[in-house]
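Visitor: got a sequence here, can you build the structure:
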Amino acid sequence: MYLRRVRSRILFVVFACSCVLVEAVEPGPVDQPAMLSAALEHSRPPQRLLFGSCFKQSRGGEQIWAAMAAQAPDAFLFAGDTVYPSKEDDDRALPRLHQAYAALAQDPAFAAFRASVPVLPVWDDHDYGVNDGGGDFAWRQTAEALFETAWGLAADDPRRQRPGVYYSEILGEGEQTVQIIMLDTRFFRSPLKASDKRGSRGRERYIPDPSPSKTLLGDQQWDWLASRLAQPVSLRLIVSSIQLLGDGHGWEGWHQLPHERERLFELLRTHDHSTTIVLSGDRHVAGFYQYDAGLKEPLLEFTSSALNNTIGFPYRRLTLAEDGPRRLGGLYGEANFGAVAIDWAARRVALQLFDRDGTLVREEQRMLRAP
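Guide: Just a heads-up that it's a prediction; the model follows:
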């Protein structure tokens with residue numbers, strides 16, 4: 001166990017093996033973090049990066065964690081919904097969210113996985129604390145403090161110094177560099193527009209709101225993102241917990257705030273000097289999307305979801321049948337994870353979808369631009 005110096009109010013804090021009550025809302029220095037993982041090798045060019053989302057800690061994941069570990073990846077990008085509380089909390093201390101993190105920390109299969117694989121996490125709505133939650137979530141600061149504690153962020157980590165959990169990493173050197181941008185699509189997001197025909201196909205819960213006053217990332221994160229996109233790299237991976245290009249459904253996604261999505265496209269056009277691929281989760285199904293956003297090459301998105309929290313029937317059938325004007329092929333509804341395999345000699349990137357056993361289901365390829 002470890003102790004944390006804290007300020008005001010009551011907050012549950014995650015321990016690797018137990019739970020106690022201490023006073024806190026804001027995180028203090030961490031002596032022994034809850035979920036450390038293997039150290040990230042920044043100087044070595046990565047050859048295989050895995051990613052996935054939507055892991056329900058109560059369902060277990062021995063099979064899929066083992067399958068991913070067998071691929072010996074350079075890192076695992078945990079693209080949101082890393083845990084699911086038993087139900088939403090009605091207490092600002094978020095005890096159920098705390099318990100969900102504690103269960104994940106105690107999972108032997110996940111512990112074995114992160115002992116050998118660096119894990120880069122970001123949240124989506126369920127580990128944020130409220131379904132489809134955004135910047136109007138009253139306890140978002142508590143949720144952030146809990147996230148930072150659960151994942152053992154160092155006291156000098158930038159995420160501890162500012163609102164939101166966005167960050168970036170650069171791996172490799174020279175002409176073999178990969179930039180990983182982990183976006184926070186929750187902490188700053190404006191409320192979405194409720195559907196006028198809730199439950200109908202393509203308008204299941206929300207409809208697009210073109211208002212320019214609405215934000216998805218917030219001003220501070222937008223400024224930060226522009227500075228990150230200005231960095232010269234060989235391959236850029238943008239991790240967005242929600243889909244960027246999926247238009248054929250009425251659930252969450254960048255398409256529900258079209259002004260913000262176009263702002264991202266414009267920013268990518270301004271800094272169009274690297275091969276850029278978007279990785280996303282959230283949907284409990286996997287698939288590939290492509291769109292001509294005015295870049296030098298079509299923008300490609302790879303959605304991988306869910307690691308184990310798949311949709312049951314008949315809802316899976318309805319989701320798999322959604323319209324897909326920008327989708328490449330069909331959707332995949334079984335448990336899955338994604339891989340970004342980089343062949344530096346051939347300057348080729350393979351985007352690979354695997355089932356829970358590690359069997360390849362589908363692959364899309366993209367050539368890296370000449371240095």
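Visitor: look up phi and psi at the residue nearest to A138 when sequence neighbours are not counted.
Guide: With sequence-adjacent residues excluded and distances taken as CB to CB, 6 or more residues apart in numbering, A138 is closest to R92, at 7.3 Å. Glycine gets a C-beta too; all of them are placed from N, C-alpha and C. Torsion angles at R92 (phi, psi; degrees, to the nearest 10) stand at phi -60, psi -20.
Visitor: any idea how far R369 lies from S274?
Guide: 7 Å (CB to CB, to the nearest Å).
Visitor: low-confidence ranges, the stretch 101-250 of the chain, go.
Guide: Along the stretch 101-250 of the chain, segments meeting pLDDT under 70 are nowhere present.
Visitor: measure the residue nearest to A138 to A143 for me?
Guide: Between R92 and A143 the distance, using CB to CB, works out to 10 Å.
Visitor: same question, Q71
Guide: Remark: distance between Q71 and A143 (CB to CB) = 32 Å.
Visitor: which of the two has more neighbours?
Guide: A143 (23 against 16; other CB atoms under 10 Å).
Visitor: R369 and S274: who's more crowded?
Guide: Neighbours were counted for R369 and for S274 using other CB under 10 Å; S274 has more, 20 against 15.
Visitor: excluding chain neighbours, what is closest to that one?
Guide: Closest residue to S274 apart from its sequence neighbours, by CB to CB, 6+ apart: R236 at 4.7 Å.
Visitor: for the one you found, helix, strand, or coil?
Guide: Secondary structure assignment for R236 (DSSP: H, G, I helix; E, B strand; the rest coil): strand.
Visitor: repeat for F76
Guide: Three-state call for F76 (three-state DSSP): strand.
Visitor: one more: F265?
Guide: From three-state DSSP, the assignment for F265 is helix.
Visitor: list the contacts for it?
Guide: When contacts are counted by CB atoms under 8 Å, 6 or more residues apart in numbering, F265 touches 293-294, 299.
Visitor: secondary structure element for Q220?
Guide: Using DSSP states H and E, Q220 sits within helix 219-229.
Visitor: can you list contacts of that helix?
Guide: By CB under 8 Å, 6+ apart, helix 219-229 touches 162-164, 166, 168, 179, 181, 183-184, 188, 215, 217, 236, 263, 267-268, 270-271.
Visitor: out of those, list just those in strands.
Guide: Residues of the contacts of helix 219-229 located in strands (DSSP state E): 168, 179, 181, 236.
Visitor: and the helix or strand hosting L146, what's buried?
Guide: Assigned by DSSP H and E, L146 falls within helix 140-150. Buried residues in helix 140-150, counted by 16 or more other CB atoms under 10 Å: 140, 142-150.
Visitor: same check, this time on stretch 262-274
Guide: Within stretch 262-274, the residues that count as buried by 16+ other CB under 10 Å are 263-265, 268, 271-272, 274.
Visitor: which of those residues sits closest to L77?
Guide: Set against L77, the nearest of these by CB to CB is S274 (17.5 Å).
Visitor: how about the helices in the stretch 201-350 of the chain?
Guide: Listed in chain order, the helices of the stretch 201-350 of the chain (DSSP state H, counting those that start in this stretch) span 219-229, 258-270, 315-320.
Visitor: elements contacting the shortest one?
Guide: Okay, so that is helix 315-320. In this structure, helix 315-320 packs against strand 327-332, with contacts taken as 3 or more CB pairs under 8 Å, 6 or more residues apart in numbering; DSSP states H and E.
Visitor: quick check: nearest residue in space to L104, chain neighbours excluded?
Guide: Q57 (4.6 Å).
Visitor: any idea which residue sits dead centre in the chain?
Guide: Nearest to the mean C-alpha position of the chain, counting by CA atoms, centre = their mean, stands A79 at 2.1 Å.
Visitor: if I look at it, how far off is V122?
Guide: Plainly put, A79 is 6 Å away from V122 if you go by CB to CB.
Visitor: between these two, which contacts overlap?
Guide: Here A79 and V122 have 239, 241 as joint contacts, going by CB under 8 Å, 6+ apart.
Visitor: now the contacts of helix 219-229: which count as buried?
Guide: Buried among those (16+ other CB under 10 Å): 163-164, 166, 168, 179, 181, 183-184, 188, 215, 217, 236, 263, 268, 271.
Visitor: which among the residues you listed gets closest to N336?
Guide: Among the buried ones among the contacts of helix 219-229, and counting by CB to CB, the member closest to N336 is L183, at 21.4 Å.
Visitor: so the closest one touches V239, yeah?
Guide: Yes. Between L183 and V239 a contact is recorded at 6.4 Å, counting by CB atoms under 8 Å.
Visitor: what sits in contact with each of the two?
Guide: Shared contacts of L183 and V239, defined by CB under 8 Å, 6+ apart, comprise V122.
Visitor: please report how far F302 lies from L353.
Guide: Plainly put, F302 is 8 Å away from L353 if you go by CB to CB.
Visitor: measure Y166 to S116 for me?
Guide: From Y166 to S116 the distance is 26 Å (CB to CB).
Visitor: same question for I207.
Guide: Distance check for I207 against S116: by CB to CB, it reads 45 Å.
Visitor: nearest residue to D357 in space, ignoring adjacent ones along the chain?
Guide: According to CB to CB, 6+ apart, the nearest residue to D357 is A67 (5.7 Å).
Visitor: show me what contacts that neighbour?
Guide: Contacts of A67 by CB under 8 Å, 6+ apart are 337, 354, 356-358.
Visitor: what kind of secondary structure is it in?
Guide: Of the three states, A67 takes helix under three-state DSSP.
Visitor: near the residue nearest to A138, how many other residues are there?
Guide: The number of residues near R92, taken as other CB under 10 Å, comes to 16.
Visitor: mind pulling up the pLDDT for R5?
Guide: We have a pLDDT of 32 for R5.
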